[in-house]
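In: Sequence and computational prediction follow.
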Amino acid sequence: MSLQRVMDEHFIEKIKPIFARARKDLYYPPIVKLEPAKIETIEIAFSAPKYKILVGEGMVDKFSREALLGIFHHELNHWVKHPYDIKTLILENYWLGDIAGKEEIRNLFDDVVVNLDLIINRGLGQIARAYREQPARNKIDRLLRAFYSRVTGMDFGCPRPGAELECEISNLLAIDFLDRRRVRLKSNIRRFAEILKDLLDKKIELQTVFFSLNDFGAEGIIRAMEDIAREVTPLVYREIVETVRNRFEDSWGPPLKSRSEGRGISPGTKDLIRQLEKPDVGWYRNRAVRYSIYIESLINKGSLYPDQITDFEIDDSIDTFNPIESYGKLLPSLAKKHELSEFERFGEILVPDVVIIIDSSGSMPDPEQVVSYAVLGAFVIARNYFELGAKVGVINFSNVNLELEPTRTRQSVYEMLKTYQGHGTTLHIDDLHQYLSSIRGREKDYILITDAGIDNIRKVVDYMTGIKGRLTIIWLKSEREPDKIFKENFQLFKDKLSSDVTFVDIAHEPDILRIAVGKIIREVYEIN
Amino acid sequence: MKSMKSIKTLIENNPDLLRCGSVDLDKKKRIHKYSRIIEDSYDKLEDIAGEYRSWVVKIPVWRPETGERVFHFGKEIAEEYDLNLNEVRKLFNEVLPQGMRGAMLGFFVSGTYHTLIRKADTLLLDLTKYRCAVSGLGYRHPRGKLEIAGNRAYYLGLNMRDGKILLKGYAGSHVGTWMGGGRIVIEGNVGNWVGWHLSGGVIRIKGNAKDIIGKKMTGGEIIVEGNAGGWVGDGMIDGVIRIQGKCGSWDAERSGGQIFRWQEGWKRIEPK
């Protein structure tokens, strides 16, 4: 056993009981591994698959047992209480906007929340000892120590902060740091930044460990961005993505073009880069995860098979006579027959490919400006087909038909679905016919998503009557009273197309759940 | 008996076991002390006003299309801050007038109350506190009553769908543009472009209306109890316009709709 190993084990043995006590005080957070490291403080390694706590080798000599406990409390409480998750950290950065030194300010803010929570809510005052055992390093440090002392009545090692900081202390005393509701957090961190921004030195040294987004793994950030996408609008999401991108851009270099052009960075990071490269697509993709739609499986019906043995009647067809069960005799009450019944079986494929024909004309909402339920619905449909192993093709129509042949490449499909042309509304029938002829083969479902404000509506309806395959028409009904012409056009679809066609109208986001492919909505949800 | 004995031993060894967790007196004391020291100056409505101010400056050009974005922002704010109708009233009447220029403010306020207002509710808005025009009040108004006092409303009831808007004062241009339902009553004069693209509902103006009334309207009714300017019913397709006072020019070649003038009774002006 090497000397270093022996020293490490000795070190761990000394510090382990303190760490165990800290974990007990905070109700056993799932950070159990303790490791010595060549660092100057104690910190949680967030980038490891299972979080562990790293302890600087000089810590035992530098701090008393109580101070070490306080530092453990502090670091663990970042996990337990605040910021608690990467999402909050990203949002805090976003809320601070372009303010100078925002990473430092955010760290200081998070420290204040954590320290006050330890002392006020949990009655764990050992952190004050940790502060006392370190000298105050700068103006901000003195200010915050004085603030802690005023709030808690404990000694934080800075009894006289100086008269020039009195105004800042009073301003800090007007912020309730323990109110962590979303709107309060946003307001509090901005007010905190406003107080501190003039006191920031060129390079600020923090008493506790400094952590930023770079300390987290790509997978965690992707998950956080997915959560954020579900909570904010596309516009806000785009701005947040911009904030995150700025944080990483230097380390990433130019954007990736394709998966094969990796630069030796981990797959998780590549996925993160892709997620952040197209924030609008990312927003709709993440939002679409919320919804599942009904897709009727392909079932073959119609063949008759022997089902059960019943008595043979005199007017029954002789073809159904069962000589074995009848002992070879055609006698009343003795003769038996096969009762035939229809048999259901699945076809060769469970779910066919799908072609989504989406209207992106000027009368449709611009998916980058407001939430477009047409685009969101299309994403939901595409995702559900992808997950069932099918391919998805897209025709995006406005002035021209933009086409994508059925594929399993999700990103291409999503990008095409989200493309907004914003011009007139003509579904070019010749191009459509050519496209559909070129993709013959596997069975297909067809889904048209439109507000029905189509200029050549009659031609479109005539063409749709000849389509072989399951057709679903999704009408994006305006939240306000729909235009009279649009209403009439949708009615025209209903009147002219056969009863096998499924019609769904969407006015609000929850209506997306009503999308059903291959079956009339009434049958699925038993609406009378 | 044996189990009772073991419970007794357990309690003797762990006296804290029977402490009621919900009554942590020390914690209560600490929180009480904390709330005495922290004089929280947070004001939800001031915070919203600040949010709006910093957001709206990013919008470069005033355009009615931009109103949709501002309206959605208002809806998001109402959801995020969990606003109620009384807070919306206070926000508009007391907080926003302080140092606020109104250009898109009406769209914002319309967004904040859009999902909150119920059929029987009345929202009172005081425009007299604003020194400049406020556009977009009553945008997409869905239900309930909006009662506004003051003279600075432009684009009032734009895209209104239902309910009622009562304005006690003068209105600027574009009252009831793209309106599809509901009722707007103006107890004063209005500017140009009343009921442009009106498709349903009623606009009643108790004072005078300037030029271009009911242009391209496809339904609904406009009643001017005072005098009307020129281009009445220009490009009108359907609906009704009634002018009680003097009337300037009207579109004699319109494709549909009815225009009436009061001449000791309502007289219909026939198109050519």
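Out: Nice, I can see it.
In: okay, and for chain B, where does confidence drop off?
Out: B:1-2, B:17-23, B:61-65, B:100-102, B:272 (pLDDT under 70).
In: let's see 90
Out: Under the criterion pLDDT under 90, the flagged ranges of chain B are B:1-29, B:53-69, B:72, B:98-104, B:131-133, B:152, B:250-255, B:263-264, B:269-272.
In: What helix or strand is the residue in the stretch 151-272 of chain B positioned nearest to chain A located in?
Out: Of all residues in the stretch 151-272 of chain B, B:Gly180 sits closest to chain A, at 4.2 Å by CB to the nearest CB. C-beta: built from backbone N, CA, C; applies to glycine. Here B:Gly180 sits in a region with no helix or strand, counting by DSSP states H and E.
In: I'd assumed B:Gly201 was in contact with it.
Out: Yes: here B:Gly180 lies in contact with B:Gly201, judged by CB atoms under 8 Å, at a distance of 6.6 Å.
In: how about the strands in chain B?
Out: Listed from the start of the chain, chain B has strands (DSSP state E) covering B:122-126, B:134-135, B:145-149, B:153-154, B:164-168, B:183-186, B:202-205, B:218-224, B:238-243, B:258-262, B:266-269.
In: Chain B contacts on chain A?
Out: Chain A comes close to chain B at residues A:116, A:119-121, A:123, A:150-151, A:153, A:173-179, A:182-184, A:187-188, A:233, A:235, A:369-370, A:479-481, A:484, as judged by CB under 8 Å from any CB of the partner chain.
In: pretty sure B:Asp121 contacts B:Pro142?
Out: No: with contact taken as CB under 8 Å, B:Asp121 and B:Pro142 are classed as non-touching, separated by 11.0 Å.
In: who's more crowded, those two?
Out: B:Pro142 (20 against 14; other CB atoms under 10 Å in any protein chain shown).
In: Could you check how far the more buried one is from B:Ile222?
Out: Distance from B:Pro142 to B:Ile222, counting by CB to CB, to the nearest Å: 21 Å.
In: Equivalent analysis for A:Ala136, please.
Out: Taken as CB to CB, the spacing of A:Ala136 relative to B:Ile222 amounts to 73 Å.
In: just A:Arg274 next, same as before
Out: Look at A:Arg274 and B:Ile222: by CB to CB, they are 54 Å apart.
In: These two - which one has more neighbours?
Out: Taking other CB under 10 Å, A:Arg274 and B:Ile222 do not tie; B:Ile222 has more neighbours (30 against 16).
In: correct me, but that one touches B:Val190?
Out: No: here B:Ile222 does not reach B:Val190: they are 10.2 Å apart, not a contact under CB under 8 Å.
In: which neighbours do those two share?
Out: Among the neighbours of B:Ile222, those also in contact with B:Val190 (CB atoms under 8 Å, 6 or more residues apart in numbering or on different chains) are B:Ile205.
In: from the stretch 251-400 of chain A, which residue is nearest to chain B?
Out: Closest point on the stretch 251-400 of chain A to chain B, by CB to the nearest CB, is A:Val370, at 5.7 Å.
In: tally of neighbours for that residue?
Out: Neighbourhood size, A:Val370 [other CB under 10 Å]: 15.
In: same question, the one 4 residues further on
Out: Residues within reach of A:Ala374, counting by other CB under 10 Å, total 22.
In: for A:Arg285, same thing?
Out: By other CB under 10 Å, 22 other residues sit near A:Arg285.
In: pLDDT wise, what is the nearest residue to it once chain neighbours are set aside at?
Out: Closest residue to A:Arg285 in three dimensions, ignoring its sequence neighbours and counting by CB to CB, 6 or more residues apart in numbering or on different chains: A:Tyr414, at 5.7 Å. Note for A:Tyr414: predicted pLDDT of 94.
In: what's the nearest residue to B:Glu39 if we skip its chain neighbours?
Out: The nearest residue in space to B:Glu39 (CB to CB, 6+ apart) is A:Ala174, at 5.5 Å.
In: how much space between the residue most central in space within chain B and chain A?
Out: Closest residue to the average C-alpha location of chain B: B:Ser110 at 2.9 Å, with CA atoms, centre = their mean. Per CB to the nearest CB, to the nearest Å, B:Ser110 is found 13 Å from chain A.
In: A:Leu91 and chain B, how far apart?
Out: Applying CB to the nearest CB, one obtains 12 Å for the distance of A:Leu91 from chain B.
In: For the residue nearest to B:Phe108 when sequence neighbours are not counted, give its distance to B:Arg140.
Out: If the residues on either side of it in the chain are set aside, B:Phe108 comes closest to B:Gly74, at 4.3 Å by CB to CB, 6+ apart. When distances are taken as CB to CB, B:Gly74 and B:Arg140 turn out to be 11 Å apart.
In: Pull up the overlap in contacts between these two.
Out: Common contacts of B:Gly74 and B:Arg140, defined by CB under 8 Å, 6+ apart, comprise B:Ser110, B:His114.
In: Comparing these two, which residue is more hemmed in?
Out: Set side by side, B:Gly74 and B:Arg140 give different neighbour counts by other CB under 10 Å, the larger being at B:Gly74 (27 against 24).
In: what's near enough to touch the more buried one?
Out: B:Phe107, B:Phe108, B:Val109, B:Ser110, B:Gly111, B:Thr112, B:His114.
In: what's near enough to touch the residue nearest to the last one when sequence neighbours are not counted?
Out: Looking back up the chat, that one is B:His114. Spatially, and ignoring its direct neighbours in sequence, B:His114 is nearest to B:Lys75 (5.8 Å; CB to CB, 6+ apart). Contacts for B:Lys75 (CB under 8 Å, 6+ apart) come out as B:Gly111, B:Thr112, B:His114, B:Thr115.
In: Could you list every helix and strand in contact with the helix or strand A:Phe147 falls within?
Out: A:Phe147 is part of helix A:139-152 when elements are defined by DSSP H and E. Contacts defined by 3 or more CB pairs under 8 Å, 6 or more residues apart in numbering or on different chains; DSSP states H and E place helix A:139-152 against helix A:102-116, helix A:126-132, helix A:166-172, helix B:25-37.
In: What mean pLDDT does the third one get?
Out: With pLDDT averaged residue by residue, helix A:166-172 scores 93.
In: which residues sit against that helix?
Out: For helix A:166-172, the external contacting residues (CB under 8 Å, 6+ apart) are A:Leu143, A:Ala146, A:Phe147, A:Arg150, A:Pro161, A:Arg191, A:Phe192, A:Ile195, A:Leu196, A:Leu199.
In: got the CA positions of it in PDB?
Out: Extracted C-alpha coordinates of helix A:166-172, given in PDB (Å, rounded to 0.1, in the frame of the first residue of the first chain):
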ATOM      1  CA  GLU A 166     -24.600  50.800   6.200                       C
ATOM      2  CA  CYS A 167     -26.800  51.700   3.300                       C
ATOM      3  CA  GLU A 168     -26.100  48.400   1.600                       C
ATOM      4  CA  ILE A 169     -26.800  46.500   4.800                       C
ATOM      5  CA  SER A 170     -30.200  48.200   5.100                       C
ATOM      6  CA  ASN A 171     -31.000  47.400   1.500                       C
ATOM      7  CA  LEU A 172     -30.100  43.700   2.100                       C
END
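In: need the longest helix for the chain.
Out: Since you didn't name a chain, this refers to chain A. When secondary structure is assigned using DSSP state H, the longest helix within chain A turns out to be helix A:3-25.
In: that's the wrong chain, I wanted chain B
Out: helix B:64-80.
In: With distance to chain A as extra columns, can I get the strands of chain B in a markdown table?
Out: Compiled in a markdown table, those are given as follows (distance: least, CB to the nearest CB, whole Å):
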| stretch | distance to chain A |
| --- | --- |
| strand B:122-126 | 19 |
| strand B:134-135 | 18 |
| strand B:145-149 | 16 |
| strand B:153-154 | 20 |
| strand B:164-168 | 15 |
| strand B:183-186 | 15 |
| strand B:202-205 | 15 |
| strand B:218-224 | 7 |
| strand B:238-243 | 10 |
| strand B:258-262 | 18 |
| strand B:266-269 | 24 |
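In: Test my guess that the residue of the stretch 251-400 of chain A closest to chain B contacts B:Thr66.
Out: No: using CB under 8 Å, A:Val370 and B:Thr66 do not qualify as a contacting pair, with a distance of 11.7 Å.
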